[in-house]
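>>> heads up, no residue letters with this:
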């Protein structure tokens with residue numbers, strides 16, 4: 001049977017923020033598609049069940065605690081993945097964090113934390129993954145950066161997050177151009193509102209009427225609902241596979257579409 005171009009069979013991947021939400025789904029769906037998958041995040045207890053789920057699918061996996069803002073830790077997990085699996089084919093920079101606040105109320109520490117995790121962490125993941133992939137030429141590799149529609153359209157109550165995720169979109173464009181002839185494709189996915197533990201936790205902590213806001217957000221989505229984590233993982237499989245072999249520097253918006261417009265008058 002001929003292998004489909006969407007297959008990740010024989011590939012190796014590293015997913016940051018792989019213990020929960022979108023990152024967890026990406027890691028497991030990559031394994032279903034055939035890849036061996038290493039995962040990392042700041043909390044090792046989130047990672048262990050995901051490692052088991054990947055191994056139960058018959059694929060290799062291991063987990064490491066990593067703060068993506070710390071360059072030596074990012075470098076070390078990339079090197080560990082290449083050492084364990086023999087190479088690194090796919091890097092997914094997914095780790096992220098935020099909180100809701102009015103722009104005038106964001107402290108410099110809050111700003112630096114959110115930008116550090118969401119933008120600096122992506123840069124460091126790209127940098128060290130690319131160095132490893134350049135050594136693997138001519139085969140190279142693929143880098144996927146998880147941005148957000150907040151980085152495309154803005155976010156009034158998470159301006160620090162929107163600014164960082166906008167930076168991820170531009171960084172993806174720049175690196176896709178810089179490394180295109182070095183055998184490395186760099187693309188991104190910008191999810192809209194997705195039901196993850198982190199997103200819903202932010203929503204409930206910042207809003208006493210969270211259910212009303214949840215429903216209001218859903219009403220602004222063309223499909224009338226929030227997204228599911230696997231609906232972000234599937235486009236990532238496409239970008240990681242040979243099916244996307246002529247794509248680089250692009251960010252795919254996956255947000256359920258715009259809400260229908262009504263005429264008033």
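Great, that's in hand. Since we're looking at a predicted model, the values are computed, not measured.
>>> got the buried residues for the helix or strand of the chain with the lowest mean pLDDT?
When the helices and strands of the chain are scored by mean pLDDT, DSSP states H and E, helix 197-206 comes last with a mean of 75. The neighbour-count criterion (16 or more other C-beta atoms under 10 Å) identifies 198-200, 202-203 as the buried residues of helix 197-206. Glycine gets a C-beta too; all of them are placed from N, C-alpha and C.
>>> looking at these, which is nearest residue 69?
Nearest to residue 69 out of the buried residues of helix 197-206 is residue 198 (C-beta to C-beta; 16.9 Å).
>>> ok so, going back, now for the least confident helix or strand of the chain, which elements pack on it?
Using 3 or more C-beta pairs under 8 Å, 6 or more residues apart in numbering; DSSP states H and E as the contact criterion, the secondary-structure elements in contact with helix 197-206 are helix 21-32, helix 210-219.
>>> after the shortest one comes which helix or strand?
Tracing the chain C-terminally past helix 210-219 and defining elements by DSSP states H and E, one meets helix 230-240 next.
>>> return the list of strands paired to the helix or strand hosting residue 13, each annotated with direction.
In this structure, residue 13 is located in strand 12-16 according to DSSP H and E. When sheet partners are counted by DSSP bridges, strand 12-16 sits next to strand 36-41 (parallel), strand 90-93 (parallel).
>>> what is the next helix or strand after the first one packed up against?
To tie it back to what came earlier, the one meant is strand 36-41. In the C-terminal direction, the helix or strand that comes right after strand 36-41 (DSSP H and E) is helix 44-56. The helices and strands touching helix 44-56, judged by 3+ C-beta pairs under 8 Å, 6+ apart, are helix 21-32, strand 36-41, strand 61-65.
>>> would a markdown table of those with distance to residue 187 and mean pLDDT be doable?
Below are those laid out as a markdown table (distance: least, C-beta to C-beta, whole Å; pLDDT from 0 to 100):
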| stretch | distance to residue 187 | mean pLDDT |
| --- | --- | --- |
| helix 21-32 | 14 | 98 |
| strand 36-41 | 18 | 98 |
| strand 61-65 | 24 | 98 |
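>>> what about the ones you listed, which gets the closest to residue 10?
If you check each of those against residue 10 by C-beta to C-beta, strand 36-41 wins as the nearest, at 8.8 Å.
>>> between helix 44-56 and the closest one, find me the angle.
Direction vectors for strand 36-41 and helix 44-56, defined by axes from the mean of the first three to the mean of the last three C-alpha atoms, to 10 degrees, enclose an angle of 170 degrees.
>>> next up, the contacts around the nearest residue to residue 48 once chain neighbours are set aside.
In space, and not counting its chain neighbours, residue 48 is closest to residue 63: 6.3 Å by C-beta to C-beta, 6 or more residues apart in numbering. Going by C-beta atoms under 8 Å, 6 or more residues apart in numbering, residue 63 touches 18-19, 38-40, 44, 47-48, 50-51.
>>> ditto for residue 202
Taking C-beta under 8 Å, 6+ apart as the test, what residue 202 contacts is 98-100.
>>> buried subset of these?
Neighbour-count burial (16+ other C-beta under 10 Å) applied to those gives 98-99.
>>> pipe the buried residues of helix 197-206 into TSV and attach distance to residue 122 per row.
Rendered in TSV, the data for the buried residues of helix 197-206 read as follows (distance: C-beta to C-beta, whole Å):
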residue	distance to residue 122
198	16
199	18
200	23
202	19
203	23
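>>> packing partners of the longest helix seen in the chain?
Scanning the chain for the helix with the most residues, using DSSP state H, yields helix 159-179. When contacts are defined as 3+ C-beta pairs under 8 Å, 6+ apart, helix 159-179 sits against helix 108-115, helix 121-134, strand 141-146, helix 150-153, strand 184-191, strand 251-254.
>>> possible to save the ones you listed as TSV with distance to residue 80?
TSV is the format used below for the helices and strands packed on helix 159-179 (distance: least, C-beta to C-beta, whole Å):
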stretch	distance to residue 80
helix 108-115	25
helix 121-134	11
strand 141-146	16
helix 150-153	29
strand 184-191	20
strand 251-254	28
